[in-house]
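1. A structural model of the following input is requested.
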Amino acid sequence: MAPFRITPQLWDKIHHFASFPPTGVSLQQMVLFGQNPTPGTLLKGSQFLAEELPIRLAHRVKELDQLPHNLSEMPSINVVKNWYAQSFEELVTFPPPAVPKNLFQAFSDSSSKQPLPEAIPNPCNRKLFPTGTMGANGAGGASVATSSTLLPNGASRIRIPLERRYYTVPNIPSTSFPPELHEHNQRFTKTLENIKKRHDPTVTTVAQGVLEWKNSARKHPGQPFETPREIQEWLDRFYMSRIGIRFLIGQHVALNTLESHPDYVGIICTKSNVHDIVSEAIENARFVCEEHYAMFKGPPVQLICPKDLTFPYVPGHLSHIVFELLKNSLRAVVERFGTEDESRLPAIKVVVVEGKEDITIKISDEGGGIPRSAIPLIWTYMYTTMELGAQGFEENVRDSDFKAPMAGFGYGLPLSRLYARYFGGDLKLISMEGYGTDVYIHLNRLSSSAEPLP
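-> A predicted model of the protein is given here:
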């Protein structure tokens, strides 16, 4: 099969769609929209994604083609750019459904529409996207009364905010939907599944592209090289956008394919049990630690958390954050105290507290801490305090596709912070050099923050 190529006609479409701002959604909106899925809500959801996903993909293709410092020229970056362009083309060429006239009128009946509650601006917008890097809607995905975008031909198109178009649809009987609409939903869902699978290796492929660029930019092999701030900011924007795209696709696929569950709306668990999620992450992180260091029993982890603490969240996101942070703490403790006497390893403490706005998780270790001069570096991509093998980052990037490495990839902390910020939370680190580190995971329990969109 010939490699995918972006034609001039496709570039025109990409630039056209990239002229529109993306529309952010909140966890609360997604729960309310999909809590009682009907053929009508599923059709409305597919229509929203058929419009929204090409806009988000187009922004990323355009940005991948215009990266600073010749990063766009790297082979792996071009591979990712073609993936995004191919997914964009599949969505914009997907045939729209033929909606019968009576259904079209029911969808258009404003008297029966129930607008979703308005999403509030994500508090992390200004941290993630300084002035000049924000989305075209100027609010990083927050909804506004109206927003207009100037098209290439000088015309202006009004973008209707999410609350006015991604509404709960009337409860139309399933028998009113012809088989063609059900088949359309199934085909569209399958297309989304294929797109999601295509983009599975995106994180490691982009990391490989940055590595290729670093190696080409170094004047001497092995010479220390600091990644420019513009590249770091682009990686934050790119990976945050990827989290959002995969969340929207995963949510829609789950609503269309999974059996209904009283505690789940798609991939969102309305009663995510923090104690259970954190306990599982502790077990997984300790297993990886014991396997990596050939230990019989890794450092103990003490969990202090109410067993009945629940809130709406995506369990996979929280599990990923806690798992990555615990790996760091376990490694720090083992490398400070050694593996000779496993019974003397100090415990890592995980404390979970519920407040009015946030659920906060504190992970404390006695792994020796981080020098104050290195604190800014820990949030940068490709930075790691772990000793690498002879193959360096290349070996870790390659291995990370097949197993969870103990450390050395340099993406754990910055990606975990993006996952925390995606729904209005945050991740903060306080270190006491010579003793240990405290990491605070703040999770927005109100679920009303819009996605922070670049």
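
2. now do Asn137, the pLDDT please.
-> pLDDT, Asn137: 38.

3. er, Thr437 actually
-> pLDDT, read off for Thr437, is 98.

4. distance of Leu303 from Arg218?
-> Distance of Leu303 to Arg218, given as C-beta to C-beta, to the nearest Å: 44 Å. Yep, even glycine has a C-beta here, placed from its N, CA and C like the rest.

5. nope, Asp308 is what I was after
-> Asp308 is 54 Å from Arg218, by C-beta to C-beta.

6. thinking again about what came up before, who's more crowded, Leu303 and Arg218?
-> Leu303 (17 against 12; other C-beta atoms under 10 Å).

7. that one should be in a helix, yeah?
-> No - Leu303 sits outside any helix when classified using DSSP: H, G, I helix; E, B strand; the rest coil, being strand.

8. ok, the closest residue to it other than its chain neighbours - how many residues close by?
-> The spatially closest residue to Leu303, leaving aside those adjacent along the chain, is Val350, at 4.8 Å (C-beta to C-beta, 6 or more residues apart in numbering). Val350 has 25 neighbouring residues, counting by other C-beta under 10 Å.

9. check contacts around Val350.
-> Contacts for Val350 (C-beta atoms under 8 Å, 6 or more residues apart in numbering) come out as 278, 282, 301-305, 322, 326, 361-364.

10. try 7 Å
-> By C-beta atoms under 7 Å, 6 or more residues apart in numbering, the contact list for Val350 reads 278, 301-304, 361, 363.

11. now Pro96: closest residue in space that isn't a chain neighbour?
-> Ala50 (7.3 Å).

12. quick one, grab the pLDDT at that neighbour.
-> pLDDT for Ala50: 95.

13. swap in the one 5 residues further on?
-> You'll see Ile55 listed with a pLDDT of 96.

14. repeat for the one 4 residues further on
-> For His59, the pLDDT comes out at 97.

15. tell me how far it lies from Leu67.
-> Taking C-beta to C-beta, one finds His59 at 13 Å from Leu67.

16. with Phe238 instead?
-> In this view, Phe238 and Leu67 are 10 Å apart by C-beta to C-beta.

17. any stretches of this protein with poor pLDDT?
-> Low-confidence segments of the chain (pLDDT under 70): 1, 106-115, 125-175, 219-225, 384-409.

18. try 80 this time
-> For the chain, applying pLDDT under 80 flags the ranges 1-2, 99-119, 123-177, 218-227, 382-410, 447-448, 453-454.

19. on that earlier part again, tell me the buried residues within the contacts of Val350.
-> Buried subset of these (neighbour count, 16 or more other C-beta atoms under 10 Å): 278, 301, 303, 361, 363.

20. for the first one, what are phi and psi?
-> Main-chain dihedrals, Val278, degrees, to the nearest 10: phi -70, psi -40.

21. ok, it touching Pro306?
-> No - with contact defined as C-beta atoms under 7 Å, Val278 does not reach Pro306; the gap is 11.3 Å.
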